[in-house]
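Q: I would like the atomic coordinates for the input below:
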Amino acid sequence: MIRLSVNINKFATLRNSRGGNNPDVVKAAVDAQRFGADGITVHPRPDERHIRYQDVFDIKKIIRTEFNIEGNCQEQKFIDLVLSAKPDQVTLVPDALNQITSNHGWDTIRHSDYLKGIIPVFKKAGIRVSIFVDPVIAMINGAAETGTDRIELYTEAYSKIFHQDKEEAVRPYINAAVRAKELGMGINAGHDLDLDNLKYFAEHVNGLDEVSIGHALISDAIYLGYENAIQLYKRQLNNY
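A: The predicted structure follows:
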């Protein structure tokens, strides 16, 4: 069974646009869990423009499902947050400061020494580690050398050409997943997966453990309802 982790950043973006606590980000996490999500993902950034650091602690206190914190581990503030909150999983993303959204995976060869140093910091605290990578075999091989538990395949490239050529779009991810499994790593995926392209991806990329979806799911929830959107996404993952 492929797990669906719902990224609730967009609830925080909407809340912060007006101040106050509407919508309530903690309630969004609890409701996602109640509606069938297998996990909750948040991606706090140093300027707290959406998820605030306090949100992380408030969510951790109350949810029962798996908790995943994404972020730039080159920020000491992020490292301290994760070690204090102790989520089930941390996903390390090579974001630049003030980046709007993640747009590439780690160069696991160039940054090998850094990743080999930082990953044990989280693993020692009992936190599973996943690192964001592009579907390039050299990067998958490099990821295995870092000691990470999982990789998260960055799927924007897949989504961009999905409607023009499905087979070409998914091929690098099929190959990357095969190699990751050969090397003993778990496989997550995320970025621009939606109700149009998710089912095909799940059908063809063997060994997927989890997908993390936020923007598309929350956008669909505006029209379809939050509970219904979560259930529709889960069906794309496990109804084939």
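
Q: Assign a three-state SS to F67, would you?
A: Secondary structure, DSSP: H, G, I helix; E, B strand; the rest coil: F67 is strand.

Q: which one is it nearest to, not counting chain neighbours?
A: P87 (4.2 Å; Cβ to Cβ, 6 or more residues apart in numbering). (Each C-beta comes from the backbone N, C-alpha and C, glycine too.)

Q: cool, I161 as well?
A: The nearest residue in space to I161 (Cβ to Cβ, 6+ apart) is A169, at 4.6 Å.

Q: Okay, and the one you found sits in which element?
A: helix 166-182 (DSSP states H and E).

Q: I'd like the next helix or strand past that helix.
A: As the chain continues past helix 166-182, the following element, by DSSP H and E, is strand 186-190.

Q: and that following strand, what other elements does it pack with?
A: Counting contacts by 3 or more Cβ pairs under 8 Å, 6 or more residues apart in numbering; DSSP states H and E, strand 186-190 is packed against strand 150-154, helix 166-182, strand 208-213.

Q: can you tell me which of the ones you listed comes nearest to D47?
A: For the helices and strands packed on strand 186-190, distance to D47 was read as Cβ to Cβ. The smallest value, 21.4 Å, belongs to strand 208-213.

Q: Which elements pack onto the closest one?
A: Strand 208-213 packs on strand 3-7, strand 39-42, strand 186-190, helix 198-204, going by 3+ Cβ pairs under 8 Å, 6+ apart.

Q: Given that strand, what are its sheet partners and their directions?
A: With DSSP bridges as the test, strand 208-213 is paired with strand 3-7 (parallel), strand 186-190 (parallel).

Q: Among the helices and strands packed on strand 186-190, show me which one is buried the most.
A: Comparing the helices and strands packed on strand 186-190 by mean neighbour count (mean count of other Cβ atoms under 10 Å), strand 150-154 ranks first with a mean of 25.

Q: can you state the direction angle for that one and helix 166-182?
A: Interaxial angle of strand 150-154 relative to helix 166-182 (axes from the mean of the first three to the mean of the last three Cα atoms, to 10 degrees): 170 degrees.

Q: who touches E145 in this structure?
A: Counting by Cβ atoms under 8 Å, 6 or more residues apart in numbering, E145 touches T108, S112, K116.

Q: give me that answer again for 7 Å
A: S112 (Cβ atoms under 7 Å, 6 or more residues apart in numbering).

Q: which outside residues touch the helix holding A169?
A: With Cβ under 7 Å, 6+ apart, helix 166-182 has contacts from 135, 137, 140, 151, 153, 158, 161-162, 187, 200-201, 204-207.

Q: Format the helices and strands packed on strand 186-190 as TSV; extra columns: distance to P23 and mean pLDDT.
A: Output for the helices and strands packed on strand 186-190, formatted as TSV (distance: least, Cβ to Cβ, whole Å; pLDDT from 0 to 100):
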stretch	distance to P23	mean pLDDT
strand 150-154	26	98
helix 166-182	33	98
strand 208-213	18	98
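
Q: Out of these, which gets nearest to R15?
A: Proximity to R15 (Cβ to Cβ) singles out strand 208-213 among the helices and strands packed on strand 186-190, at 19.6 Å.

Q: ok, now how distant is R45 from V121?
A: 20 Å (Cβ to Cβ, to the nearest Å).

Q: wait, isn't I8 in contact with I40?
A: Yes: here I8 lies in contact with I40, judged by Cβ atoms under 7 Å, at a distance of 6.3 Å.

Q: Now the common contact residues for those two.
A: Common contacts of I8 and I40 (Cβ under 7 Å, 6+ apart): A29, A32.
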